[in-house]
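In: what shape does this take:
(one chain, ligands or ions: 2)
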Amino acid sequence: MTAPTPVTADAVVVDLEGTTSAAGFILGDLYDYARPRLDAVLGRADDVVQQARAQVIVEAGLHADASDAEVADALRRLMDSDIKSTPLKTIQGVIWAEGFAAGEITSHFFDDVPPRLRDWHERGIRIAVYSSGSVASQQPWFRNAPQGDLSGLVEAWFDTVNAGPKKDPASYARIADALGTDPGRTLFLTDHPEEVDAALDAGWRVVALDRAGEPWAGADFSAPAVPHFDRIEVVLADAPADADAAPTAGAGAPLVPAERLREAGRVLAAEASRFADFGWMRGTAGNLSAVVHRDPLLLAVTASGLDKSELTERDVVLVDAAGRSADPADARKPSAESGLHAHIAARTGAEAVFHVHALDAVLAGQLWPQGVEIRDLEMLKGIGHPAHDATVRIPVIANHQDMAVEAARFDEVYAPATDGTPEVPALIVAGHGMYAWGRTATAARHHLEIVEWLLRHAVAARGL
Ligand SMILES: CSC[C@@H](O)[C@@H](O)C(=O)COP(=O)(O)O
Ligand SMILES: [Zn+2]
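Out: Ligands and ions are numbered 1, 2, ... in the order given. Down below sits the predicted model:
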């Protein structure tokens, strides 16, 4: 199993159904509890109830003087179709709050959730809830958890009334506003692929919960997906999101001597010039990095948007393990792909990571999206694999602009070396290019050149 991917965030916002709690439990048990109690609640002279009742009449197209039984029937129809109607949620909330208070119903949390929430809370990471279930039902749900009262861990409660629909990016903007957090440092956890997309559109960090047996298990998520909370490691952000404005390495981070950075810049500029000559770094394509400190991880990475055929030793930026600028005095943007460089260096132990837009890598990724299988070629020895009688697979991942997504995809395909089999020190990003890495810049270059040759061969030999 792969280690958790760290996500830097000030606040974690959790969805409930399918994320913290089993969807079947909520929709089944609580809905069943609410159904027979609707008629009686609708008759109450309570402002909240009466306002919701009036809204149901409008939403369901009932006549203005509809009876409690007619309104309750309309609510039951909404429940049967699991329509997320706001007045329905309000009325359910009232019923459930009373059910919890009377001990007639209890809530459900997956066992991996409460310890993680407690840990985040203790470490000063703020926690909020955003669920289509009304705030009125969220609070008793947390108070009545089988694992104890969890409500004290939650700082803010959001539903479709105070934040808006869950598939609308504007709702996430509203929540970040209300919390006063930077969207880029607010993490949303959900099991719903369209909510993943909406939160990503709002600039949030997102981790999807892909829980076995839940309604969206196995869906195609645009964010890293994990099976439970143990796999989510939240690192408290201690600096503003604008990496240019403040140090991200934090107080006490090791200083990298300017000469060390300059030396890495010299090496990377020379490598880039060579790869540009091969036609692998056209325009501003490609980027290169070298580790300059291991613990904590710091890399020199080529600055973004430069013509890589013309780099000088000064054209590198110091970045941290998340690929963010780690030098407060340097206002330049590091490569847009720094996050994946740092991740590869962390996972593989590589000292240098090279990324180029080699045409054959893109063609091979298109021809063999499940990975490019190569065997019986002498050149395989150049990446540490036998020339005969073994198949080597160059993995392929889909392209994405969020490097956290690419990092998670990398983890899915990367096989570390075992006793008998070395790692494959290269990766194809479909429709984009390739990465190769090594224990030294020279090794990374050899791996890049050899894998590019192997891919060129595979494409050329197709159909022979
Ligand atoms: C044609 S450059 C495309 C870029 O988005 C990227 O893929 C790339 O390789 C260079 O990005 P950079 O930010 O300059 O390191
Ligand atoms: Zn690229």
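In: ok, which stretches of the stretch 151-300 of the chain are strands?
Out: Listed in chain order, the strands of the stretch 151-300 of the chain (DSSP state E, counting those that start in this stretch) span 156-158, 186-190, 205-209, 225-226, 232-236, 287-293, 298-302.
In: list the buried residues in stretch 114-122.
Out: By 16 or more other Cβ atoms under 10 Å, the buried positions in stretch 114-122 come out as 114, 116-118, 120-121. Placement of C-beta: from N, CA and C, glycine included.
In: can you tell me which of those residues is nearest residue 84?
Out: residue 117 (24.1 Å; Cβ to Cβ).
In: so is that closest one in a helix, a strand, or just coil?
Out: At residue 117 the chain is in helix, as set by DSSP: H, G, I helix; E, B strand; the rest coil.
In: state the pLDDT value of the nearest residue to residue 132 once chain neighbours are set aside.
Out: By the measure of Cβ to Cβ, 6 or more residues apart in numbering, the closest residue to residue 132 outside its immediate chain neighbours is residue 84, 4.4 Å from it. Per-residue confidence (pLDDT) for residue 84: 71.
In: and for residue 197?
Out: With respect to pLDDT, residue 197 scores 95.
In: before we move on, back to that, can you lay out the strands of the stretch 151-300 of the chain as a markdown table showing distance to ligand 1 and mean pLDDT?
Out: Supplementary listing: these in a markdown table, determined by distance: least, Cβ to the nearest ligand atom, whole Å; pLDDT from 0 to 100:
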| stretch | distance to ligand 1 | mean pLDDT |
| --- | --- | --- |
| strand 156-158 | 34 | 94 |
| strand 186-190 | 24 | 96 |
| strand 205-209 | 20 | 92 |
| strand 225-226 | 24 | 90 |
| strand 232-236 | 24 | 86 |
| strand 287-293 | 3 | 96 |
| strand 298-302 | 6 | 97 |
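In: I'd guessed residue 355 sits against residue 341; true?
Out: Yes: the criterion here is Cβ atoms under 8 Å, and residue 355 meets it with residue 341 at 7.1 Å.
In: next up, the contacts around the residue lying closest to residue 368 once chain neighbours are set aside.
Out: Once flanking residues are discounted, residue 368 sits nearest to residue 396: 6.7 Å by Cβ to Cβ, 6+ apart. By Cβ atoms under 8 Å, 6 or more residues apart in numbering, the contact list for residue 396 reads 364-365, 368-372, 413, 427-430.
In: just the buried members of the residues you listed?
Out: By 16+ other Cβ under 10 Å, the contacts of residue 396 give 364-365, 368, 371-372, 413, 427-430 as buried.
In: just confirm yes or no for stretch 316-326 near ligand 1.
Out: No: if you take Cβ under 6 Å from any ligand atom as the test, stretch 316-326 misses ligand 1, and the best it gets is 10.1 Å.
In: check the offset of that stretch from the chain's centre.
Out: Offset of stretch 316-326 from its chain centre (Cα atoms, centre = their mean, to the nearest Å): 19 Å.
In: ok, residues contacting it?
Out: Contact with stretch 316-326 is made by 6, 8, 243-244, 247-249, 253, 256, 261, 264-265, 268, 289, 292, 296-303, 327, 330, 332-335, 337-343, 346, 403, as judged by Cβ under 8 Å, 6+ apart.
In: nearest to ligand 1 among the contacts of residue 396?
Out: residue 429 (8.6 Å; Cβ to the nearest ligand atom).
In: which other helices and strands does whichever strand or helix holds residue 374 contact?
Out: Counting by DSSP states H and E, the element that carries residue 374 is strand 372-375. Identification of packing neighbours for strand 372-375 by 3 or more Cβ pairs under 8 Å, 6 or more residues apart in numbering; DSSP states H and E yields strand 391-394, helix 441-461.
In: near ligand 1, which residues of the protein are found?
Out: So the chain meets ligand 1 at 283-287, 302, 304-305, 335-337 (Cβ under 6 Å from any ligand atom).
In: can I get those residues in CSV including distance to residue 451?
Out: CSV is the format used below for those (distance: Cβ to Cβ, whole Å):
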residue, distance to residue 451
283, 22
284, 22
285, 17
286, 15
287, 17
302, 20
304, 25
305, 26
335, 20
336, 22
337, 18
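In: of the residues you listed - the most surrounded one?
Out: Highest neighbour count within the residues of the chain next to ligand 1, by other Cβ atoms under 10 Å: residue 302, with 29 neighbours.
In: ok now the helix or strand where residue 71 lies, how far from the chain's centre?
Out: Residue 71 belongs to helix 68-80 when assigned by DSSP H and E. How far helix 68-80 lies from its chain's middle: 38 Å, per Cα atoms, centre = their mean.
In: quick one: mean pLDDT over it.
Out: Helix 68-80 comes out with an average pLDDT of 94.
In: now do stretch 320-330
Out: Stretch 320-330 comes out at a mean pLDDT of 86.
In: straight-line length of it, end to end?
Out: 13 Å (Cα to Cα, to the nearest Å).
In: ok, residue 182 to residue 120 distance?
Out: As defined by Cβ to Cβ, to the nearest Å, residue 182 lies at a distance of 17 Å from residue 120.
In: before we move on, back to that, turn the strands of the stretch 151-300 of the chain into a markdown table, including distance to residue 421.
Out: Shown next, in a markdown table, are the strands of the stretch 151-300 of the chain (distance: least, Cβ to Cβ, whole Å):
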| stretch | distance to residue 421 |
| --- | --- |
| strand 156-158 | 48 |
| strand 186-190 | 35 |
| strand 205-209 | 30 |
| strand 225-226 | 27 |
| strand 232-236 | 28 |
| strand 287-293 | 24 |
| strand 298-302 | 27 |
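In: for residue 141, helix, strand, or coil?
Out: For residue 141, the assignment made with three-state DSSP gives helix.
In: residues near it, how many?
Out: Look at residue 141: counted by other Cβ under 10 Å, it has 28 neighbours.
In: if we can go back for a sec, ok, the residue nearest to residue 132 to residue 136 distance?
Out: Per Cβ to Cβ, residue 84 is found 15 Å from residue 136.
In: could you list the buried residues of stretch 32-42?
Out: Across stretch 32-42, burial judged by 16+ other Cβ under 10 Å covers 33-35, 37-39, 41-42.
In: nearest to residue 110, of those residues?
Out: Closest to residue 110, out of all of these and judged by Cβ to Cβ, is residue 33, at 20.8 Å.
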